[in-house]
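just a sequence and a predicted model for now, questions to come.
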Amino acid sequence: MKLRPFSTEQIYDRFNVNFLGNVVTLMSDFLIHYLWEKRWFFFALIVGAGIIMAPLPEGLTEDGKVVLAMSVMATIMFVTEPIPLPGVALLIILGQVFLLGHDSSIVAKSLWNDSVLFILGSLMLAVAVVKQKLDKRIAWLIVRITGTKTSRVCFGISVISGLLASFVGEHTVAAMMLPVGITLVTLTSDDPRKVRNLAAVVLFSIAYGASIAGIGTPSGGARNAIMIGYWKEFFYDPSNPETSKFIIDYARWMLFAYPMFLIQVPFVTMVLLFTFRPEYRDLSRAVVKLRQQVEAEGSMKKTDWVAIVMFFIVLLGWIFFSDKVGMGTIALLGAAAFLVAGLVNWEDINSGVNWGVVLLYGAAISLGIEMKETGAAEWVAEGFLSALSPIGAGDGFGLWASISVLTTVVTNTMSNGAAVAVLGPIVLKMASVAGESPIIIGFITAISSSFAYLTVVGTPACTIVYASGYLKTTDFLAVGWKMALISTIIMLLGARLYWPLLGV
């Protein structure tokens with residue numbers, strides 16, 4: 001039987017059919033994959049569009065409804081992260097231009113204030129401090145002070161992590177102290193299975209020590225600077241001397257918040273040792289190896305001491321001069337001094353600073369101001385108070401507890417800075433409507449945002465120690481609820497018994 005060859009036209013037809021079929025299949029697979037991967041992004045857009053097109057509620061302006069829609073969309077994206085968070089910041093900026101009709105120059109100005117400059121300068125300083133590579137020396141310092149008993153070493157780790165985190169930010173300290181913790185664990189045993197509980201106690205001592213201390217000073221976290229900015233933006237009037245109490249400087253913040261950190265530190269160690277019982281009660285073997293490594297590196301260099309002294313000078317500037325020139329100015333001055341002294345290179349800062357974080361907080365603060373200006377924050381606050389009043393939580397201690405619980409829930413689903421940026425305008429308006437002190441309500445919100453103990457993503461410190469590979473996500477739940485309960489009780493008692501003594 002003679003085979004008939006295909007004609008050129010038939011070959012082209014079959015090729016086109018197969019080619020087009022493959023292209024359609026690939027495109028459909030890509031589209032399905034893309035839509036599934038970005039499902040929360042489109043969900044946020046649908047929810048926002050639904051709010052914008054919904055009938056205008058009583059008491060809310062049209063611009064307020066748009067800002068509320070933008071805030072809801074931003075919150076959904078903060079929680080689910082369907083796109084990088086700096087991308088959410090860009091959408092907030094574009095929304096103010098296209099949805100609210102603001103001039104782009106005005107929007108750009110709203111992104112930059114002293115709080116944002118403070119965040120930027122603090123991140124630069126953190127890079128300069130980390131470059132000095134003092135991790136093993138810090139570990140050696142801890143064990144020289146505490147001795148080799150595991151409980152005391154872990155307490156020392158929490159204290160040192162806290163003291164550092166209260167000034168340079170918890171994410172920086174967690175990154176700097178993680179090698180310290182891993183060094184102590186690995187020098188005890190090379191087999192992770194034999195030091196499972198020990199690793200949990202040591203690493204959580206770093207994360208929780210840094211988290212509870214992050215509220216101690218304004219430089220401890222972006223959320224603190226955000227709240228300080230909100231107080232000034234919402235309540236300070238230069239023509240009214242009585243409103244000067246809403247200018248919270250570095251020293252006054254410490255007076256309110258630092259005792260909360262100091263009281264919580266012992267509870268961190270107690271809860272961790274109760275939840276995870278370490279396999280080794282003494283770390284003598286690890287300490288001997290650590291001492292050998294430190295001695296091999298030699299004594300501290302002159303540049304190390306210079307860096308420590310310069311950072312101490314910046315700290316003094318924050319305490320004594322921040323009310324005159326602004327905390328952001330002093331932070332940038334310190335970063336410039338490190339560059340001039342040659343202790344850090346611009347390449348280090350450029351690669352070490354997360355510029356997207358700066359953009360994110362600038363956009364979040366800008367959106368928070370829009371919430372206040374359009375009346376959206378007041379409308380939400382009144383609705384929240386109406387819901388709380390029937391259960392006796394519309395004012396006083398009940399309101400404080402409700403705001404603390406709300407903030408704790410939110411901060412465990414998004415970054416603490418984003419939580420304060422979103423909730424700040426609402427709770428401060430809530431304080432005004434309920435006749436409560438905006439300063440007390442603001443501190444309750446800022447401090448409660450540090451109770452991100454339950455999830456890996458709640459705070460950078462938890463994310464960083466989880467990345468070590470020694471911890472499971474269930475470990476955070478096992479110990480986190482205990483820490484959240486204790487921290488909430490301590491803070492509410494402080495708000496009731498201590499803060500009134502400071503004149504609020």
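Thanks, I have the structure now. Model, not experiment: these values are computed from the prediction.

contact partners for the residue lying closest to D63 once chain neighbours are set aside?
Leaving out its chain neighbours, the residue that sits closest to D63 by CB to CB, 6 or more residues apart in numbering is T374, at 4.4 Å. C-beta: built from backbone N, CA, C; applies to glycine. For T374, the contact set (CB atoms under 8 Å, 6 or more residues apart in numbering) comprises 61, 63-64, 66-67.

just A44 next, same as before
By CB under 8 Å, 6+ apart, the neighbours of A44 are 72-73, 76-77, 80, 82.

now the element after whatever helix or strand W140 lives in, going C-ward?
Following DSSP states H and E, one finds W140 within helix 135-146. Downstream of helix 135-146, the first helix or strand assigned by DSSP H and E is helix 150-168.

distance from the chain centre to the helix or strand that comes right after that following helix, please.
Scanning forward in sequence from helix 150-168 by DSSP H and E, the next helix or strand is helix 170-188. Distance, stretch centre to chain centre, for helix 170-188: 19 Å (CA atoms, centre = their mean, to the nearest Å).

so for helix 170-188, mean pLDDT?
Mean pLDDT, computed over helix 170-188, is 76.

for F155, which non-adjacent residue is spatially closest?
F155's closest residue in space is T269 (CB to CB, 6+ apart), at 4.4 Å.

before we move on, back to that, among the contacts of A44, name the buried ones.
By neighbour count, with 16 or more other CB atoms under 10 Å, the contacts of A44 hold 72-73, 76-77, 82 as buried.

residues contacting the closest residue to W355 other than its chain neighbours?
Of all residues not flanking W355 in the chain, P86 sits nearest, at 7.9 Å (CB to CB, 6+ apart). Neighbour list for P86: 355-357, 359-360 [criterion: CB under 8 Å, 6+ apart].

quick one: the helix or strand containing P86 to chain centroid distance?
P86 belongs to helix 85-98 when elements are defined using DSSP H and E. Relative to the chain's own centre, helix 85-98 is displaced by 20 Å; criterion: CA atoms, centre = their mean.

and stretch 39-56, average pLDDT?
pLDDT averaged over stretch 39-56 gives 93.

next one: stretch 332-348
Per-residue scores along stretch 332-348 average to 90.

picking up where we left off before, ok, and what's touching the helix holding W140?
152-153, 155-157, 160, 176-177, 179-180, 183-184, 283, 287, 290-291, 293-294, 297, 300.

that one to helix 170-188, inter-axis angle?
70 degrees (axes from the mean of the first three to the mean of the last three CA atoms, to 10 degrees).

and helix 135-146, how far out from the chain middle?
Taking mean C-alpha positions (CA atoms, centre = their mean), helix 135-146 and its chain are 27 Å apart.

alpha carbons of that helix, in CSV - could you do that?
Taking Å, rounded to 0.1, in the frame of the first residue of the first chain, the C-alpha atoms of helix 135-146 are listed here in CSV:
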residue,chain,number,x,y,z
ASP,A,135,27.5,38.6,68.7
LYS,A,136,30.1,36.2,70.4
ARG,A,137,31.2,38.9,72.7
ILE,A,138,27.7,39.6,73.8
ALA,A,139,27.1,35.8,74.5
TRP,A,140,30.4,35.7,76.5
LEU,A,141,29.3,38.9,78.4
ILE,A,142,25.9,37.2,79.3
VAL,A,143,27.4,34.0,80.7
ARG,A,144,30.1,35.9,82.6
ILE,A,145,27.3,37.9,84.3
THR,A,146,24.7,35.1,84.8
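
got the contact list for the nearest residue to A222 once chain neighbours are set aside?
The shortest distance from A222 to any non-neighbouring residue, by CB to CB, 6+ apart, is to G417 (3.9 Å). Residues near G417 by CB under 8 Å, 6+ apart: 221-223, 226, 360-361, 364, 449.

can you do 7 Å?
Applying CB atoms under 7 Å, 6 or more residues apart in numbering to G417 gives the contacts 221-223, 226, 361.

can you tell me the closest non-neighbouring residue to I490?
I263 (5.5 Å).

make that Y498, sorry
P259 (6.7 Å).

buried residues in the helix or strand containing the one you found?
Here P259 sits within helix 250-275, counting by DSSP H and E. By 16+ other CB under 10 Å, the buried positions in helix 250-275 come out as 250, 252-254, 256-258, 260-261, 263-265, 267-269, 271-273, 275.

run the angle between it and helix 150-168 for me.
Using the same axes, to 10 degrees: helix 250-275 against helix 150-168 is 150 degrees.
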